[in-house]
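K.L.:
Provided below are the primary sequence and the corresponding predicted coordinates.
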Amino acid sequence: MQVKRRGIEMRLVIAGGYENKQKTDPALFKAAARAHRWFEEIVQGSNVSFAEIARREGVTSRYVRRLLPLAFLDPGIVEAISEGRQPLNLTAETLTRHTALSSQWHLQREALHLAGRT
């Protein structure tokens with residue numbers, strides 16, 4: 001049994017580290033969705049800059065740069081996030097600030113403790 005902190009809330013986690021009921025983390029899901037949307041906008045050749053995206057979205061260009069790597073997440077990880085099957089300690093903050101993600105999907109799953117679960 002462990003107490004896990006997620007933003008301002010605390011949860012009691014009992015054996016396994018995964019929630020029994022599926023509950024999507026809205027902040028994590030939004031971060032992944034934004035990254036995909038911004039990446040598509042950039043590669044479509046619309047000559048949009050990080051600063052323009054940041055100004056339009058009301059965030060900093062640093063935040064845009066921090067989120068863009070999420071556009072390259074393993075589709076299985078994105079699916080797990082959308083279904084709420086990610087580990088409780090996997091938050092948008094953790095994923096964007098504290099986790100160095102490989103471009104290889106199997107290494108991403110290992111780093112995020114999702115190997116064999118996606």
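P.N.:
That came through, no problem.

K.L.:
CA only for contacts and neighbour counts going forward, please
P.N.:
Noted.

K.L.:
What is the subsequent helix or strand relative to the longest helix that the chain contains?
P.N.:
Across the chain, the longest stretch assigned as helix under DSSP state H is helix 26-43. If you walk from helix 26-43 toward the C-terminus, the next helix or strand you reach (DSSP states H and E) is helix 50-57.

K.L.:
Following the chain onward from that next one, which element is next?
P.N.:
helix 61-67.

K.L.:
remind me which residues of the chain are low pLDDT?
P.N.:
Applying pLDDT under 70 to the chain flags residues 1-22, 98, 115-118.

K.L.:
Whatever helix or strand residue 81 lives in packs against which elements?
P.N.:
For residue 81, the enclosing helix or strand under DSSP H and E is helix 75-83. Applying 3 or more CA pairs under 8 Å, 6 or more residues apart in numbering; DSSP states H and E, one finds that helix 75-83 makes contact with helix 26-43.

K.L.:
Repeat the analysis, applying 6 Å as the threshold.
P.N.:
Packed against helix 75-83 by the contact rule (3 or more CA pairs under 6 Å, 6 or more residues apart in numbering; DSSP states H and E) you find no helix or strand.

K.L.:
what angle do that helix and helix 26-43 make?
P.N.:
Compare the direction of helix 75-83 with that of helix 26-43 by axes from the mean of the first three to the mean of the last three CA atoms, to 10 degrees and you get 130 degrees.

K.L.:
quick one on the thing from earlier: quick check: angle from the longest helix of the chain to helix 50-57?
P.N.:
Going by the same axes, to 10 degrees, helix 26-43 makes 130 degrees with helix 50-57.

K.L.:
Show me how far helix 26-43 is from its chain's centre.
P.N.:
Helix 26-43 sits 9 Å away from the centroid of its parent chain (CA atoms, centre = their mean, to the nearest Å).

K.L.:
Give the buried residues for that helix.
P.N.:
28, 29, 31, 32, 33, 34, 35, 36, 38, 39 (16 or more other CA atoms under 10 Å).
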